[in-house]
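*Asks:* structure, please.
(one chain, ligands or ions: 1)
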Amino acid sequence: MRNLKKNVVQSILRTGVSGLVLSFLAASVAALAQAPAPDSPEIEAKARAMVAKLSLEQKIELIGGVDSMFTHAIPAIGLPRFKMSDASVGVRTWGPTTAYAGGVSLAASWDPELARRIGEGLGKDARARNVNFLLGPGVNIARSPIAGRNFEYLSEDPFLNSTIVVPFIQGVQSQGVIATVKHYALNSQEYNRHNVDSDADERTMREIYLPAFEAAVKQGHVDAVMNSYNLINGVHATQNEFLNLKVLKGEWGFQGILMSDWDATYDSVGAANNGLDLEMPSPRFMNAAGLVAAVKDGTVKESTIDDKVVRLLRTALRYGFMDRPQFDPNDSTYSVADSAIALDGALESITLLKNEGGVLPLDPAKIKTIAVIGPNAWPAVTGGGGSSEAQAFEPVSTLTGIANFAGPNVHVLYSRGLPEITDVMRNTHWAGAVTVATYPGKDFTATPENSTSPFFGDPGMGRRGQGGMSTPGHAVRYSASYKAGKAGKYLVLTAVQGWGTSVKVSADGKELETPPHAEGQVAPFWTLDLSAGQTVNLQADYVPGYGARFGLGIAYAPELVMGEATELARLADAVVVAVGFAPDTEGEGRDRTFELPWGQNALIEAVAAANPHTIVTLTGGVGTDTRGWLDEVPALLQVYYPGQEGGTAIADVIFGKHNPEGKLPVSFDRSWDEDPSYAYYYPVKGADTSLHVTEPNKPPVDYVIPHVKYDDKLMVGYRYWTTTGKHPLFPFGFGLSYTTFSFSNLKAPATAASGSTVPVSFDVTNTGSVAGAEVAQLYVSDPSAKAARPERELKGFEKVRLAPGETKHVTLNLDARAFSYWDEAAHKWTIDPGKFVIRLGDSSENTPLAAELTIQ
Ligand code: BGC
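*Replies:* So this is what the prediction gives:
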């Protein structure tokens, strides 16, 4: 494209052309102008001159969104509206797109250059769809494995997040598209995300939760930031003076646009005076009714409103949005080049966690029959659920990737292994009809209208391919009896969809409780122990939200795994069991379980018992409960959400065409209750407060605010494991390869002046027989610090590609921040002179080399 631009310019200069052609070419050249211009006195003056032409009402109009995904237009000053689109794994604005291995996969690649390429790809995809703002990247810390949006974010470590996010942003913005770093801040759970208050001390914020935002602003020069839904220390993000004014716009010098998450604003004056520049998706609070009088009486200064508008105009002018079309016909909507980037993302991130007896790679010459089994085998699962969902043009599933690789001479056998939940519902034979009592209103107090149905739930739910959504405004009580044919365990399975939908299920009058610490998670399931011929009465109280669907069915647990799955497994030379999460079990707006979705443990166990060459591929944001089957399978690949080329990459890794090189961006727990955030994840009981909110021209609403105490403080992920000396299942930074590597010659100066940059060098050698990539990781320990510090912290890394026998010399520079901690009393970054230890290795737990350094 750069050549095309040059050629166009040269041809204009050389030949001279008619006015019409010239203006067309000029427009094309303008359209090709990409990276934003730096801020300049001219741009500033122009922005201020435009603001001077606007009335107060027009200015206020500009600080609220319109039509869900646009900023406002003011044609009188030549200002068009600007379009926004989610997000970091694909530009989803309309129709299909390129779906990358983004978020957690990108962090698992540990490759900043890949981040830049994905950013550029997304920028091009955005230009091809007329998008001005990309609503990503998300950089919230993966504090807990059950948080619903970890897959969209990056890792548990602020340094890794910072190192990945900077080139990603630069990549997006180099294409003339504004990146939006989100969700600022401390938004590390989905449970009750609109109301929850994240209470954290300043050191915890500065050292763990804010650095990736800081890097995005100070190094990536991101031009938009999105405030999160939650409150921080008692104040909503969108009106949080500390975060928005003191830190973001004050200390970090952010000059761009601070927008709200969608419906995350709670106060007109509070938001206007505390840094919010743009309320999305519509001006519920930052509107004329909420602000005109406040400006007239001086509660909000007009200059404060002007500053918000200047930020929008300044940014738009810098990007040339008013001089050129954002749609760039030189960027393809369907891009083969971007598909190649998507494939690289999947190849670089897939992480080999177990490979007993070298079962992988499979030798394609020896495999005559391969079975691909499991709910995630087909169709492709490219990403998690919610606003980041990107519909790929032709996503490659694990099944099709393996079949394509294996070619025509290998038999490929497939079974889903488990029924779809809709099949379970259809096949549940109730003893008699299901009674349906429909209550007007949202509770079960008024007189219901009674009817019967063959289905336990919305009728569409139990039948394939049929919609059947419920609308809010009523409540439904379903009840039916079920007679157990055989003695044993039965699973009560529910499928619940829709924002704000709630369901309570009871058996024989006793409410089936969601397990402890499962509040707010995806649709649960329960196990009932029934004797042969026993009848159980099931009841579900269902209050639909928006886009709601609900259904319930019962499955006899011993017969849940399809018989064909184990039969096919027995016939095969090797089996790939594709399990894990998917958009309906891991996504925005709710947390997920630590356990695999229902039936999957049983499926893995059954297949592993049928075939010793069982390879498990695990889809999911981060850690998952592997107890019960990990010892039974020789190989485990964590595939995260691998994007549209996932199946191709999985096959390349399994058959050894690509040597796995992903490294865990999070520590993998054995169980959720050993996670360092476990005790602090849910709100402190009995500590709720209330919040009185008045939306202009509407009656006031009282919100209950639960308080989550971030008392795990700095002990997030490997910081906890290495400080306590305990060991997780798989440590942060860990990932196997088909080759071996060694580290040598670690050199650091014996002494360094406080605040200076410290060069650290070492060699990495591929000591095995195939080419591969290793991630050399530098951890810094500060044993003589006055304040308690985590035992080690990641402060440098480098991905090194090596041929067999090859050695590369690497130098990494550790800057002042690598040795600093946040001094609570002094409110600043501090280096305590004294001894530091620099450790080098291939995970947070395996650091064979160490060097000592004294900071003077
Ligand atoms: C999400 C944001 C997203 C926005 C627009 C919100 O629900 O939290 O991440 O960018 O919707 O789709």
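*Asks:* just give the closest residue to Gly841, not the sequence neighbours.
*Replies:* Thr847 (3.3 Å; C-beta to C-beta, 6 or more residues apart in numbering). To be clear about C-beta, it is placed using only N, CA and C from the backbone, and glycine gets the same treatment.
*Asks:* quick one: residues contacting the residue positioned nearest the centre of the chain.
*Replies:* Central residue check for the chain by C-alpha atoms, centre = their mean: the C-alpha nearest the mean position is that of Glu152, 1.0 Å away. Contacts of Glu152 were listed using C-beta atoms under 8 Å, 6 or more residues apart in numbering, and they are 87-89, 102-104, 136, 138, 384, 386, 388, 588.
*Asks:* tell me which helix or strand the residue nearest to Gly841 sits in.
*Replies:* Per DSSP states H and E: Thr847 is located in neither a helix nor a strand.
*Asks:* list the contacts of it.
*Replies:* Shown in contact with Thr847 (C-beta under 8 Å, 6+ apart): 777, 779, 792, 839-841.
*Asks:* rerun at 10 Å
*Replies:* Taking C-beta atoms under 10 Å, 6 or more residues apart in numbering as the definition of contact, the neighbours of Thr847 are 722, 733, 743, 746, 777-779, 781, 792, 837-841.
*Asks:* again with Asn240
*Replies:* 184-186, 227-228, 230-234, 246-248, 270-271, 274-276.
*Asks:* quick one: buried ones out of the residues you listed?
*Replies:* Under a neighbour-count criterion of 16 or more other C-beta atoms under 10 Å, the subset of the contacts of Asn240 counted as buried comprises 184-186, 227-228, 230-233, 247-248, 270-271, 274-276.
*Asks:* from the residues you listed, which land in helices?
*Replies:* Judged by DSSP state H, the buried ones among the contacts of Asn240 include 270-271 as members of helices.
*Asks:* of the buried ones among the contacts of Asn240, which belong to strands?
*Replies:* With DSSP state E as the criterion, strands contain 184, 227, 231-232 from among the buried ones among the contacts of Asn240.
*Asks:* quick revisit: distance of the residue nearest to Gly841 from Ile838?
*Replies:* If you measure Thr847 against Ile838 using C-beta to C-beta, to the nearest Å, the figure is 9 Å.
*Asks:* likewise Ser781?
*Replies:* With distances taken as C-beta to C-beta, Ser781 is found 8 Å from Ile838.
*Asks:* next, show the common contact partners of the two.
*Replies:* Shared contacts of Ser781 and Ile838, counting by C-beta under 10 Å, 6+ apart, come down to 792, 847, 850, 852.
*Asks:* from these, which would you call buried?
*Replies:* Neighbour counting with 16+ other C-beta under 10 Å marks 792, 847 as buried within those.
*Asks:* between the shared contacts of Ser781 and Ile838, which is nearest Val716?
*Replies:* Checking the shared contacts of Ser781 and Ile838 against Val716 by C-beta to C-beta gives Arg792 as the nearest, at 13.1 Å.
*Asks:* pull the contacting residues for that closest one.
*Replies:* Under the criterion of C-beta under 10 Å, 6+ apart, the neighbours of Arg792 are 718-719, 722-723, 777-782, 837-839, 844-845, 847.
*Asks:* who's the residue lying closest to it once chain neighbours are set aside bridged to?
*Replies:* The spatially closest residue to Arg792, leaving aside those adjacent along the chain, is Tyr779, at 3.9 Å (C-beta to C-beta, 6+ apart). Listed by DSSP bridges, the beta-bridge partners for Tyr779 are Leu794, Arg839.
*Asks:* what number of residues lie near Tyr779?
*Replies:* 26 (other C-beta atoms under 10 Å).
*Asks:* looking at it, it is touching Ile838, isn't it?
*Replies:* Yes - between Tyr779 and Ile838 there is a contact under C-beta atoms under 10 Å: 7.5 Å.
*Asks:* which neighbours do these two share?
*Replies:* When C-beta under 10 Å, 6+ apart defines a contact, the residues bordering Tyr779 and Ile838 alike are 792, 795-796, 847, 850.
*Asks:* what distance separates the host helix or strand of Asn161 from the middle of the whole chain?
*Replies:* When elements are assigned from DSSP H and E, Asn161 belongs to helix 158-174. For helix 158-174, the gap between its own C-alpha mean and the chain's C-alpha mean amounts to 15 Å (C-alpha atoms, centre = their mean, to the nearest Å).
*Asks:* mean confidence for that helix?
*Replies:* When pLDDT is averaged along helix 158-174, the result is 98.
*Asks:* which elements pack onto that helix?
*Replies:* Using 3 or more C-beta pairs under 10 Å, 6 or more residues apart in numbering; DSSP states H and E as the contact criterion, the elements in contact with helix 158-174 are helix 104-109, helix 112-127, strand 133-134, strand 178-184, helix 211-218, strand 772-781, strand 793-802.
*Asks:* thinking again about what came up before, between the ones in strands among the buried ones among the contacts of Asn240, which is nearest Phe525?
*Replies:* The nearest member of those to Phe525, counting by C-beta to C-beta, is Leu231 at 32.4 Å.
*Asks:* how much space separates the closest one from Glu156?
*Replies:* When C-beta to C-beta is applied, the distance between Leu231 and Glu156 equals 23 Å.
*Asks:* before we move on, what about Ala609?
*Replies:* Counting by C-beta to C-beta, the gap between Ala609 and Glu156 amounts to 34 Å.
*Asks:* swap in Phe213?
*Replies:* Following C-beta to C-beta, the distance that separates Phe213 from Glu156 is 16 Å.
*Asks:* neighbour count winner among the two?
*Replies:* Neighbours per residue (other C-beta under 10 Å) separate Phe213 from Glu156, with Glu156 holding more: 32 against 28.
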